[in-house]
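coordinates only, sequence not included:
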């Protein structure tokens with residue numbers, strides 16, 4: 001598998017925890033390569049911080065690591081909003097990878113179980129995900145992405161892949177999706193996609209291309225139990241939902257854990273202690289003090 005993370009300087013702390021988890025849990029032969037793509041203008045400053053703070057944490061995987069700047073992948077008129085450019089870079093990364101499986105990560109993701117190729121790929125080559133519905137706030141994005149491939153919204157919207165990371169994808173499908181979009185929208189597709197008003201999103205587009213190419217998502221994915229536990233703000237603000245996510249993370253089927261940055265400022269001291277204890281039990285941090293550096297919101301304004 002090829003591990004791919006799109007990131008920038010505010011997320012170096014989170015990326016450091018991810019790197020620790022890769023070193024601790026990912027089998028050496030499971031990760032063919034590790035690619036980190038800098039999504040900000042100043043690559044020199046980012047690289048200095050990355051090499052000082054993050055690179056040493058990868059252990060044996062540092063020898064297979066490639067650090068690249070977004071300018072090596074494309075030259076749009078403007079990279080615009082970070083969330084949009086992050087999505088585009090996930091697709092563009094496939095152009096620079098050999099065939100196989102790319103496991104797309106966000107900086108916040110870190111592994112919590114031993115990871116082999118079989119963790120995300122079945123014996124028959126299908127990729128392990130789960131089904132999700134996308135009505136509600138994601139529906140406009142789903143509709144726009146289906147429209148790009150002339151596909152109906154119904155019944156797909158109720159039985160799709162999730163849109164959270166880690167997300168395994170066939171490299172050739174991601175390349176094929178990008179090629180199809182360029183053929184349909186022309187060379188200005190990058191600028192069109194990066195515009196803040198664009199409602200197409202990367203994972204919905206890739207899935208739509210897979211249906212167009214292979215007939216169904218079942219040709220590429222094996223649907224099972226969710227294998228990623230993520231604390232979003234709404235989960236933190238409700239004690240029962242927080243407990244449910246932490247319980248899920250403790251189960252053997254959960255391979256990764258993450259805390260969304262918008263949830264970090266809302267963690268109670270008790271919740272912070274619970275997460276720190278969870279990480280200590282996994283050997284990812286030695287103590288509560290070390291854990292606290294990963295529980296700070298990098299986007300909060302200091303008082």
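Nice, thanks for sending it over. Keep in mind that this is a model prediction, so the values were computed, not measured.

switch to C-alpha atoms for all contacts and neighbour counts from now on
Fine.

Name all residues that make contact with the residue positioned nearest the centre of the chain.
For the chain, the residue nearest the mean C-alpha position is residue 105 (2.9 Å; CA atoms, centre = their mean). By CA atoms under 8 Å, 6 or more residues apart in numbering, residue 105 lies in contact with 3-6, 165-167.

quick check: domain ranges of this structure?
What automatic domain parsing lists as the domains of the chain is 2-116+127-223, 228-292.

Same list, the ones you listed, but as CSV with mean pLDDT please.
As requested, the domains of the chain are exported to CSV (pLDDT from 0 to 100):
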stretch, mean pLDDT
domain 2-116+127-223, 97
domain 228-292, 97
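
and of those, who's closest to residue 298?
When those are compared by CA to CA, domain 2-116+127-223 sits nearest residue 298, at 5.5 Å.

end to end, how far does the closest one reach?
End-to-end distance of domain 2-116+127-223 (CA to CA, to the nearest Å): 21 Å.

Output the domains of the chain as JSON lines; include the columns distance to residue 299.
Formatted as JSON lines, the domains of the chain follow (distance: least, CA to CA, whole Å):
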{"stretch": "domain 2-116+127-223", "distance to residue 299": "7"}
{"stretch": "domain 228-292", "distance to residue 299": "8"}
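
and residue 300, which of those domains is closest to it?
Minimum separation from residue 300 across those (CA to CA) falls at domain 228-292, 8.0 Å.

The stretch 101-250 of the chain: helices as residue ranges?
In the stretch 101-250 of the chain, the helices defined using DSSP state H, counting those that start in this stretch lie at 139-148, 171-185, 189-194, 202-214, 233-236, 239-250.

what comes up buried for the third one?
To tie it back to what came earlier, the one meant is helix 189-194. Buried residues in helix 189-194, counted by 16 or more other CA atoms under 10 Å: 190-191, 193-194.

Okay, and the beta partners of residue 26?
Note on residue 26: beta-bridge partners residue 115, judged by DSSP bridges.

Spit out the contact partners of it.
Neighbouring residues of residue 26 by CA under 8 Å, 6+ apart: 111, 114-116.

Now a PyMOL select for only the buried ones of the residues you listed.
Buried residues among the contacts of residue 26 (16+ other CA under 10 Å), as a PyMOL selection:
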select buried, resi 111+115+116
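
For the closest residue to residue 16 other than its chain neighbours, give me its contacts.
Nearest residue to residue 16, sequence neighbours excluded (CA to CA, 6 or more residues apart in numbering): residue 54, at 4.8 Å. Contacts for residue 54 (CA under 8 Å, 6+ apart) come out as 12-13, 15-16, 19.

just these now: which is nearest residue 50?
When the contacts of residue 54 are compared against residue 50 (criterion: CA to CA), the nearest one is residue 12, at 6.8 Å.
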